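K.L.:
next input, structure requested:
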Amino acid sequence: MSRSFTNIKQSHVFFDDSPGLKNYYEDWASRYDVDLADQKWVAPRIAANLVHLLASAYVTPDTTVFDAGCGTGLVGSVLRTLGNYVIDGVDLSENMAVEALKTQAYRKVYGGVDLSVPRRDERLDQYGIVVSSGVFTLGHVRPPALLTLIEYALPGGLIAVSTRGSYAAETGFEDFARSEKVAALAPLEFKLKDAHYIAEEGADYWVFRKIGPAQ
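P.N.:
The predicted structure is shown next:
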């Protein structure tokens, strides 16, 4: 079993333990990109291209993007090659946020932001597109964190989320995503089913639209 595979697996044990998850990523930040590349983690590229498609199809070219759980900035790094996007990001880990800032793809990035807390960080705006890649996975956040992401979207804004296959099965994410509670705030627009994610397994990619007139 490779070191990179083991490091990823060890990050999957922190459900309901945000301090433990944060500490793990603080230590992992310097090797994170290498480990994920070794395991053929393509989710950030898919998420970035999905954001670009949504922006091209539904919103204005100058729309703002919020990268929720930006990690080392992999989504932003791809997005900057696709268009002139204004991107803000947050991550639970301070060290991961530092790595994201180094990419120069982001306007601002804040570490120490727990997306399982059901409120928007007052330092941040609301955005035309909210994207979250690799956050809804084993040992990280539970499905209700989707409600937090909706808080960051402008009325009429879009929320794009990846869910690793085993995570979705274990947590009942689909039932929550299609629940009346979510539909009252941001109904599901469409889902890409069992698409590429990481070498070990695939993921679903979900797109929701927040209720209200587009800005």
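K.L.:
would you say Asp125 is within a helix?
P.N.:
No: counting by DSSP: H, G, I helix; E, B strand; the rest coil, Asp125 falls outside a helix, being coil.
K.L.:
residue contacts, it?
P.N.:
Neighbour list for Asp125: Thr64, Phe66, Asp88 [criterion: C-beta atoms under 8 Å, 6 or more residues apart in numbering]. From N, CA and C alone the C-beta is placed, and that goes for glycine too.
K.L.:
what's the longest helix along the chain packed up against?
P.N.:
Across the chain, the longest stretch assigned as helix under DSSP state H is helix 18-38. Packing partners of helix 18-38 (3 or more C-beta pairs under 8 Å, 6 or more residues apart in numbering; DSSP states H and E): helix 3-10, helix 94-102.
K.L.:
ok, now with 10 Å
P.N.:
helix 3-10, helix 74-82, helix 94-102 (3 or more C-beta pairs under 10 Å, 6 or more residues apart in numbering; DSSP states H and E).
K.L.:
out of the contacts of Asp125, which is nearest to Ser162?
P.N.:
Phe66 (15.0 Å; C-beta to C-beta).
K.L.:
now that closest one: closest residue in space, sequence neighbours ignored.
P.N.:
Spatial nearest neighbour of Phe66, chain neighbours left out: Tyr127 (4.0 Å); criterion: C-beta to C-beta, 6 or more residues apart in numbering.
K.L.:
tell me how far that neighbour lies from Asp38.
P.N.:
32 Å (C-beta to C-beta, to the nearest Å).
K.L.:
in terms of neighbours, single out the busier of those two.
P.N.:
More crowded of Tyr127 and Asp38, by other C-beta atoms under 10 Å: Tyr127, with 23 against 16.
K.L.:
what's the distance between the more buried one and Gly172?
P.N.:
In terms of C-beta to C-beta, Tyr127 sits 27 Å off from Gly172.
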